[in-house]
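Novice: Give me a model of this one.
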Amino acid sequence: MQGCVRKSVPILLKRALIIQENITYNTKFTTIVLQCRRMAASSTPTKTSELERKDDSEMASITEGKATVWFPKTNSVFYNPVQEYNRDISTAALSVFAEETLKKKGLKVQYENKASEGTEDSNQSALPGVKCEEGLRVLEALAASGLRSVRFALEVPGLHSITANDYSEAAVGAMKYNVERNGVGHLVTPSLNDAALLMYTHKNPKDRFDVVDLDPYGSPALFLDASIQAVKDGGLLFVTCTDMAVLCGNHPETCFTKYGSMSLRTPHCHELALRIVLSSLARHASVYGRYIVPLISLSIDFYIRIMVRVYTGASKAKILSSQQGMLYSCTGCESFYIQPMAKVTKTGKNGIKFTASVGPPVDRDCQHCNHHYHVCGPIWSDPIHQTEFVSSLLNHVKSEKHRYGTGSRLVGMLSMISEELDDAPLYYVIDQLSSTVRTSAPPLLKFRSAVLSAGYRISQSHANKNAIKTDAPPRVIWDIMRCWERDFSPVKRDRFDSRNPALAILSKTPELNASFDIRQDANPASRSQGLSRFPMNPEPNWGPKTKAKRSFSPVADTPGEDHSGSDDDKQTIKKSKVE
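Specialist: From the prediction side, this is the model:
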């Protein structure tokens, strides 16, 4: 037996040396690739000169905020005017974050230079367009034409540097041209690199960015793990998703492979999409002993935009299990329940114990309509907005409304979000409720009054103009609909078959006698003030644009050599937005 052990030791040592050599080789190879890409990024004047040589008729220019950018009309660089709202709220959020961060360092923030008037000490103030040595380091991982980075440089005070990265040579060429034309070369550095690789090279705590903006064409799933590691402790992470068909339940299997959650087609699918992405982000962070704090989560037009702060703390990362839940949604009446993944109990003075939850919270068949339940998730079950941040953002936008092209809509949506119930996950849609029981839809104020009179809280949702968020259980919601049908919109029962949800719901006597008298507190301030909350589309085909025609490898082609890349590289190129 001892002889066998002695013989096996040299073999194990030999295998260990081979593994070490492979690791060393892979490390050197990665370093060489990154060096080549950095050299390519710093030596691509051909694209800039190509733009300069183009005739004005071949170029398109747009002005947004304080920035003016140029790009070819051939669609080799992606630009979507619909995303102006996205860029406006990102600029506003970054301004609020910069103001909060610099305040802790004893610096003030100004949006106009008033030092010459003697009202401010310029040495103690941070100004837009001026490099701040103690300011924020920002990464726009998929920058495309560089419009967002240029706007950050011109409009956000307290910035130290902005790295504007893209994988396309055409995009980086446009970036360099636009950075130079806007005079922000001292703040913005164009970068030609794979977004994930670039972020992984900044995962060392000393090299991390204060802010990472992730806005890909389609799903950000390929970049979530890298982005979580590239943000400083307490830093800000922006994430945009435009793959709403996947997140809203059209392709639940794809959603599971990308985000680790099953999606579901429900009336509240847009908020469900927000909670799926937050759940995925939180799980990526917990792997590295980090956790997220959602600041604001937005469902806008055809995409969602999420802003979170990322912190390091293994003990708080463990709370994740109690922030996740499984969703049970009835296939007949759309009633829903959330089952937490874990139960938290206090032990002693400061101790916390986590145990598995007891469930499910429902029977096999729905108690209201006798149909089965769909199960999806896990989803983020904690609040998706931070009240203090939303309040600060709203105050900033109101005071600087003239700086934003979509300022009126920003004020309207942020006002709605400030009114949302933060402890009532998901929402009901009044049209869907009335459709289920085949009645006319009750007016919004009457329905809100009925819920308030029953002793429960209610709010609208920014994700749907006919949505209601409430802490009232489903039995109360259906009692209100029964009373509405009985008093205002009678339905003939004999036209329903035995499996129709309406028959099962309406055949029960309501336990609650709902009052539909309109209350003064039923009309939210954002509605009574006539704020722009759900504006009409300004033009036809207002939505996603086609992807840029071509993407370029950052490695120059050599005759006789194949630089097409592996399948994984092609997928990365495919998913990387060329904006």
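Novice: Pull the contacting residues for residue 278.
Specialist: Shown in contact with residue 278 (C-beta atoms under 8 Å, 6 or more residues apart in numbering): 292, 294, 297, 306, 308, 379-380, 384. Quick note: C-beta positions are derived from backbone N, CA and C, even for glycine.
Novice: try 10 Å
Specialist: 239, 259, 292, 294, 297, 304, 306, 308, 323-324, 379-382, 384 (C-beta atoms under 10 Å, 6 or more residues apart in numbering).
Novice: Same question for residue 440.
Specialist: 434, 484-485, 488-489, 491.
Novice: possible to save the residues you listed as a markdown table with secondary structure, distance to residue 195 and neighbour count?
Specialist: Conversion of these to a markdown table gives the following (DSSP: H, G, I helix; E, B strand; the rest coil; distance: C-beta to C-beta, whole Å; neighbours: other C-beta atoms under 10 Å):
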| residue | secondary structure | distance to residue 195 | neighbour count |
| --- | --- | --- | --- |
| 434 | helix | 46 | 19 |
| 484 | helix | 51 | 23 |
| 485 | helix | 54 | 21 |
| 488 | coil | 55 | 12 |
| 489 | coil | 54 | 15 |
| 491 | coil | 55 | 15 |
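Novice: Can you tell me which of those residues is closest to residue 532?
Specialist: residue 434 (26.5 Å; C-beta to C-beta).
Novice: Quick check, pLDDT for the closest residue to the closest one other than its chain neighbours.
Specialist: Distances taken as C-beta to C-beta, 6 or more residues apart in numbering put residue 441 closest to residue 434, at 4.1 Å, once the chain neighbours are dropped. On pLDDT, residue 441 comes in at 96.
Novice: List the buried residues for stretch 329-347?
Specialist: 329-330, 332-342 (16 or more other C-beta atoms under 10 Å).
Novice: What mean pLDDT does that stretch get?
Specialist: Regarding stretch 329-347, the rounded mean pLDDT is 93.
Novice: Then stretch 377-385?
Specialist: 97.
Novice: which parts of that stretch are buried?
Specialist: 377-385.
Novice: Could you check how many residues crowd around residue 129?
Specialist: 17 (other C-beta atoms under 10 Å).
Novice: quick one: low-confidence parts of the protein?
Specialist: For the chain, residues meeting the criterion pLDDT under 70 lie at 1-58, 73-80, 113-123, 537-579.
Novice: can you tell me which residue is nearest the centre of it?
Specialist: Nearest residue to the geometric centre of the chain (C-alpha atoms, centre = their mean): residue 306, 2.4 Å.
Novice: so what strands line up beside the strand or helix carrying that residue?
Specialist: Applying DSSP states H and E as the criterion places residue 306 in strand 303-312. With DSSP bridges as the test, strand 303-312 is paired with strand 231-241 (antiparallel), strand 290-300 (antiparallel).
Novice: can I get those in CSV with mean neighbour count?
Specialist: Conversion of these to CSV gives the following (neighbours: other C-beta atoms under 10 Å):
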stretch, mean neighbour count
strand 231-241, 21
strand 290-300, 21
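Novice: I'd like the ones you listed as JSON lines, with distance to residue 264 appended.
Specialist: Compiled in JSON lines, the strands paired with strand 303-312 are given as follows (distance: least, C-beta to C-beta, whole Å):
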{"stretch": "strand 231-241", "distance to residue 264": "16"}
{"stretch": "strand 290-300", "distance to residue 264": "16"}
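Novice: Indicate which one of these is closest to residue 530.
Specialist: Using C-beta to C-beta, the nearest of those to residue 530 is strand 290-300, at 20.5 Å.
Novice: one step back: can you pull the contacts of the residue nearest to the centre of the chain?
Specialist: 214, 220, 237-241, 273-274, 277-278, 281, 292, 294-299, 384.
Novice: Now do the helix or strand hosting residue 227: which elements does it pack against?
Specialist: Element membership of residue 227 [criterion: DSSP H and E] is helix 224-230. Helix 224-230 sits against helix 195-200, strand 209-214, strand 231-241, helix 269-287, strand 290-300, strand 303-312, with contacts defined as 3 or more C-beta pairs under 10 Å, 6 or more residues apart in numbering; DSSP states H and E.
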